[in-house]
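1. Need the 3D shape of this:
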Amino acid sequence: MLETPRLRLRHFSETDLEPVFAGLSDPRVVAYYGLSYRTLDECREQMAWYKAIEGARTGLWLALETRSTGCFAGAIGMYGLDPEHQCAEFGYWLLPEFWGRGMMHEAARAFLPHVYASLPLHRLLAQVEPPNHRSTRLLKRLGFQYEGLSRECERKDSHFISLENYSLLRSDPAARAGLCPSTLQL
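-> Predicted structure coming up:
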């Protein structure tokens, strides 16, 4: 488990199904997110995926909960770990009631050094839809470097969208900053 002053980053449990569904079915949360769910059964598949990638050691997603109340707040993770190239993709989301408080920045400052210290990881990629200014600001604050625009590289809602690419390398100072002790087992 990772802890920050306000958050606990922990493995997902069965009790997280409903709050994960609440987040990943909320149009505000999924406006710039790559997936959304209409039913709890669809969301169960997402929860199974979180466990499967961890078991395969190709990723790690953690639930975020507030330390003060134990309320589920969102998720942070990395996935698609390529063992040969030592790269993966970074992602995150928060329930709207936690937006604008710096919580994802706080969570990422614990999560990123942890995954770099725990895994054979050289590079994390984060892809952001250009209108998602909050996410762009967060990545820059975390030390991710802008690499360019992938033009019309994905389909969403029956049209093509472009994605901005940001990366963080193990050698970047931000990847090493704030190393925190952890009892989280990978």
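
2. Other residues contacting the worst-scoring helix or strand of the chain on mean pLDDT?
-> Least confident element among the helices and strands of the chain, by mean pLDDT, DSSP states H and E: helix 173-176 (a mean of 75). Under the contact criterion CB atoms under 8 Å, 6 or more residues apart in numbering, helix 173-176 has outside partners Leu112, Pro113, Tyr116, Leu142, Gly143, Phe144, Leu168, Leu169, Arg170. Where C-beta positions appear, they are placed from N, C-alpha and C, glycine not excepted.

3. can you put these in TSV and add secondary structure and distance to His133?
-> Putting these into TSV (DSSP: H, G, I helix; E, B strand; the rest coil; distance: CB to CB, whole Å) gives the following:
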residue	secondary structure	distance to His133
Leu112	helix	21
Pro113	helix	25
Tyr116	helix	26
Leu142	coil	15
Gly143	coil	18
Phe144	coil	14
Leu168	strand	19
Leu169	strand	24
Arg170	coil	27
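
4. So how do I select the buried members of those in PyMOL?
-> Of these, the buried ones go into a single PyMOL selection, burial set by 16 or more other CB atoms under 10 Å:
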select buried, resi 112+113+116+142+143+144+168+169+170
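
5. Now render the contacts of helix 173-176 as TSV, adding distance to Arg123.
-> Converted to TSV, the contacts of helix 173-176 look like this (distance: CB to CB, whole Å):
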residue	distance to Arg123
Leu112	12
Pro113	15
Tyr116	10
Leu142	14
Gly143	13
Phe144	11
Leu168	7
Leu169	5
Arg170	7
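
6. Many thanks, we can stop here.
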